[in-house]
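Novice: Got a predicted model here, sequence first, then my questions.
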Amino acid sequence: NDFQVKIRGFRIELGEIEAKLAALGAEEAGDVVVLAREDQPGDKRLVAYYTGTASAEQLRAQAEATLPSYMVPAACVQLASLPLNPNGKLDRKALPAPDEQAWSRRAYEAPQGEVEATLAALWAELLQIERVGRHDNFFELGGHSLMAVSLIERMRRAGLHTDVRALFLSPTLAAVAAAVGIGSAPVQVPPNLIPEGATTITPEMLTLATLDEEAIAHVLATVPGGAANVQDIYPLAPLQEGILFHHLMEKEGDPYLLPTLCAFSSQEQLERFLAAIQQVIARHDILRTGIAWQSLDQPMQVVRRHAELPFQSVSLDPQHGDIGSQLLAQFGPRHFRIDVSQAPLLRTFAAHDSAQGRWVLLVLAHHLAIDHTTLELLVEEASLIKNGRMEALAPPAPFRNFVAQARLGVSQAEHEAFFRQMLGDIEEPTAPFGLLDVQGDGADIEERSQMLPTALSQALRQRARSLGVSAASLMHLAWALVLARTTGRQDVVFGTVLFGRMQGGERADRALGMFINTLPLRLSIDGRRIDELARQVHRLLTQLLRHEHAPLALAQRCSAVPAQAPLFSSLLNFRYAPRPLNEGESEGEAAHEDGIEEIHSEERTNYPLTLAVDDLGEDFMLTAQVQASVGAERVCALMHTA
């Protein structure tokens, strides 16, 4: 602790910097010591002292190659020997102040101009650091893709527009500022022309869909209340189309129903929570949306003006087992299906648990309308409403904006050109453990979770920052290594779950809906250095952002894999899931806030192998879902080793 310092909001271990500099070589670096000096009040800087033969520029280059920017010494001072006290120990107080030549020209440099100053303020607020210089790197400062979505939205509010890829390709403040106003302009979303109170809907009123009067009549027949209860009609987003296909293929159960079990301390708490969810439904169009497909050329989303949350109270006997388990057995996704033509795509079932003096609620949310982030936002809004904090709610963002972005943004031809270049010579599926069935129902899936050791998590973050890439890039590289070892192949392809909000349009960071998409990523595990591979992964993921709304079916067609075979059979889902505690709050207190406790939740896909990596802020958690014959614990162990 004596050699830990805090600079610009970062806690830094001086010994770590000394070790990296000493790695230059015994002769070149000599003895090395690093101090945090504050020669001018309020201006604390790192200074390295060394006795080797290397120049200050060589030592600085070593630091920049192995350390994130905030750990690179601002000055390097060459000495004949380090000063010692009478006891033969280092006399830190005798180390001289650096002269002008010792300071790096790449030390902290204040932002220049209005755009850089505005960006610096946004970065500092978002990354929670004291100040940001014009040469600072977004990822080295701890940024990641979820923060990037928030940053792009904050920039938009400040009148600064840029292509999100600029942040990933050249992530310094000065480079991002220079890219403002350059690149693709945001999609102009046509207005919804269905007036409130309309008793008929004509083709001209539908600005995102092309339907004739006969098709509109088929759509209205699925809506209670008819035209008067229809707010909008538009197509599905790419991943929604794939999910609907698998939903219609299944006859029993539905792997895309997400079950969550919650326990309430009283019936009043349960009723208040359900009433709050109803208000969230009233706020967000995606929660009032059903799907129409009968007699249509393509499926449509139909937004109701009003939709009631379906609720069923069930009488269960604790003598027959745990109440939550009984609810899951009766209404869980293994056997239960919902009518996705009817909004909302939520169902709720509750039973009194007399043995434990509580009420248990099962919430079923369908992936057609709700992804992982949306579920978190829904619960967050319901909690704010329940606690009377309506003023804290952000204005709702219409899901039609995202659909317009996905449909009217990047052209099909551009999508095809990108994926043909990536996948054109891939002739066989990448099937780890020989798993090829990508249309499963999730029934024979085993799940295990494992926390990575804290020391390993910290080392991964440090490595990512020193390379100027995200932790997600390193996790994708590690998963590619697992697939290479379990398939015996150098070139591997797997599905990566994209956040979908990078180019999701206005207020995409707070919008509810099904934004995520699954797209293929092809990586080669060859003889190149790991740092080269990590930067290549980072570039590929950045390029994939441009195509995050491309249909998976289109991407698969661009490979040379036969049409009846899958391109890949495994998914990697990297998610940011930090749950910051309030000051003085313990984990147990957080779980029982407001008399509500989440006791079970699960997600399934139709793929036989899925690895979710949850970024918890400090640590990482691995969750493997795989056919029981392979073993989920084994998959976690393989990833841990990689």
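Specialist: Noted; the coordinates are in hand. Residues are numbered from 1 along each chain as shown.
Novice: could you pull out the strands for the stretch 251-400 of the chain?
Specialist: Listed in chain order, the strands of the stretch 251-400 of the chain (DSSP state E, counting those that start in this stretch) span 257-264, 289-292, 300-304, 311-313, 346-353, 358-366.
Novice: what's the angle between the longest one and strand 346-353?
Specialist: I take that to be strand 358-366. Between strand 358-366 and strand 346-353, the angle comes out at 160 degrees (axes from the mean of the first three to the mean of the last three CA atoms, to 10 degrees).
Novice: what does strand 358-366 contact?
Specialist: For strand 358-366, contacts defined as CB atoms under 8 Å, 6 or more residues apart in numbering pick out 254, 256-267, 269-270, 273-274, 323-324, 327-328, 331-333, 336, 338, 340, 345-353, 375, 378, 599. In short, each C-beta sits where N, CA and C put it, glycine included.
Novice: List buried residues within the residues you listed.
Specialist: The neighbour count (16 or more other CB atoms under 10 Å) marks 254, 256-264, 269-270, 273-274, 323-324, 327-328, 331-333, 336, 338, 340, 345-353, 375, 378 as buried among these.
Novice: so how far is Leu375 from the most centrally placed residue in the chain?
Specialist: Centroid-nearest residue in the chain: Arg575, 4.3 Å away (criterion: CA atoms, centre = their mean). When distance is defined by CB to CB, to the nearest Å, Arg575 is 12 Å away from Leu375.
Novice: Ok, Leu393 next?
Specialist: Taking CB to CB, one finds Leu393 at 17 Å from Leu375.
Novice: likewise Arg156?
Specialist: For Arg156, the distance to Leu375 (CB to CB) stands at 25 Å.
Novice: For Glu308, give me phi and psi.
Specialist: Backbone torsions for Glu308, taken as degrees, to the nearest 10, come to phi -90, psi 140.
Novice: who's in contact with Ile599?
Specialist: Neighbour list for Ile599: 261-263, 324, 360 [criterion: CB under 8 Å, 6+ apart].
Novice: likewise Ala209?
Specialist: Going by CB under 8 Å, 6+ apart, Ala209 touches 233-235, 300.
Novice: and if you look at Arg465?
Specialist: When contacts are counted by CB under 8 Å, 6+ apart, Arg465 touches 68, 139-140, 142.
Novice: Which residues belonging to stretch 170-177 are considered buried?
Specialist: For stretch 170-177, burial by neighbour count (16+ other CB under 10 Å) applies to 171-177.
Novice: circling back to that earlier point, dump the contacts of Arg465 to CSV, plus pLDDT and neighbour count.
Specialist: Formatted as CSV, the contacts of Arg465 follow (pLDDT from 0 to 100; neighbours: other CB atoms under 10 Å):
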residue, pLDDT, neighbour count
Pro68, 76, 24
Phe139, 75, 25
Glu140, 71, 21
Gly142, 71, 20
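Novice: Looking at those residues, which is nearest Ser570?
Specialist: Phe139 (26.0 Å; CB to CB).
Novice: tell me the secondary structure for the closest one?
Specialist: The assignment at Phe139 comes out as coil when based on DSSP: H, G, I helix; E, B strand; the rest coil.
Novice: The helix or strand hosting Val482 - contacts with which helices or strands?
Specialist: Taking DSSP states H and E as the definition, Val482 sits inside helix 471-487. Secondary-structure packing of helix 471-487 (3 or more CB pairs under 8 Å, 6 or more residues apart in numbering; DSSP states H and E): helix 454-467, strand 491-498, strand 517-524, helix 530-545, strand 570-576, strand 609-615, helix 632-641.
Novice: Can you lay out those as JSON lines showing distance to Gly388 and mean pLDDT?
Specialist: Output for the helices and strands packed on helix 471-487, formatted as JSON lines (distance: least, CB to CB, whole Å; pLDDT from 0 to 100):
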{"stretch": "helix 454-467", "distance to Gly388": "38", "mean pLDDT": "85"}
{"stretch": "strand 491-498", "distance to Gly388": "36", "mean pLDDT": "94"}
{"stretch": "strand 517-524", "distance to Gly388": "37", "mean pLDDT": "93"}
{"stretch": "helix 530-545", "distance to Gly388": "39", "mean pLDDT": "90"}
{"stretch": "strand 570-576", "distance to Gly388": "29", "mean pLDDT": "91"}
{"stretch": "strand 609-615", "distance to Gly388": "31", "mean pLDDT": "94"}
{"stretch": "helix 632-641", "distance to Gly388": "42", "mean pLDDT": "97"}
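Novice: Switch the ones you listed over to TSV; also include distance to Lys89.
Specialist: Shown next, in TSV, are the helices and strands packed on helix 471-487 (distance: least, CB to CB, whole Å):
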stretch	distance to Lys89
helix 454-467	29
strand 491-498	52
strand 517-524	50
helix 530-545	37
strand 570-576	45
strand 609-615	42
helix 632-641	41
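Novice: Setting aside sequence neighbours, what's the nearest residue to the residue nearest to the centre of the chain?
Specialist: The shortest distance from Arg575 to any non-neighbouring residue, by CB to CB, 6 or more residues apart in numbering, is to Asp614 (5.3 Å).
Novice: Let me know whether the one you found touches Ala472 as I believe.
Specialist: No: contact criterion CB atoms under 8 Å: Asp614 and Ala472 do not qualify, at 11.5 Å.
Novice: Looking at these two, which has the bigger crowd around it?
Specialist: Between Asp614 and Ala472, Ala472 has the larger neighbour count (other CB atoms under 10 Å), namely 24 against 19.
Novice: gap between the closest residue to that one other than its chain neighbours and Asp531?
Specialist: Of all residues not flanking Ala472 in the chain, Phe574 sits nearest, at 4.5 Å (CB to CB, 6+ apart). Note on Phe574: its distance to Asp531, by CB to CB, is 20 Å.
Novice: can the contacts of Arg465 go into CSV with extra columns for distance to His247?
Specialist: Shown next, in CSV, are these (distance: CB to CB, whole Å):
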residue, distance to His247
Pro68, 45
Phe139, 38
Glu140, 43
Gly142, 39
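Novice: Leu35: which of these is nearest?
Specialist: Proximity of those to Leu35, judged by CB to CB, is greatest for Pro68, which lies at 18.6 Å.
Novice: returning to that earlier point: closest to Val77 out of the buried residues of stretch 170-177?
Specialist: Nearest to Val77 among the buried residues of stretch 170-177 is Thr172, at 26.4 Å by CB to CB.
Novice: Show me what the closest one is bridged to.
Specialist: Beta bridges link Thr172 to Asn137, judged by DSSP bridges.
Novice: you'd agree it is up against His135?
Specialist: Yes: contact criterion CB under 8 Å: Thr172 and His135 qualify, at 5.5 Å.
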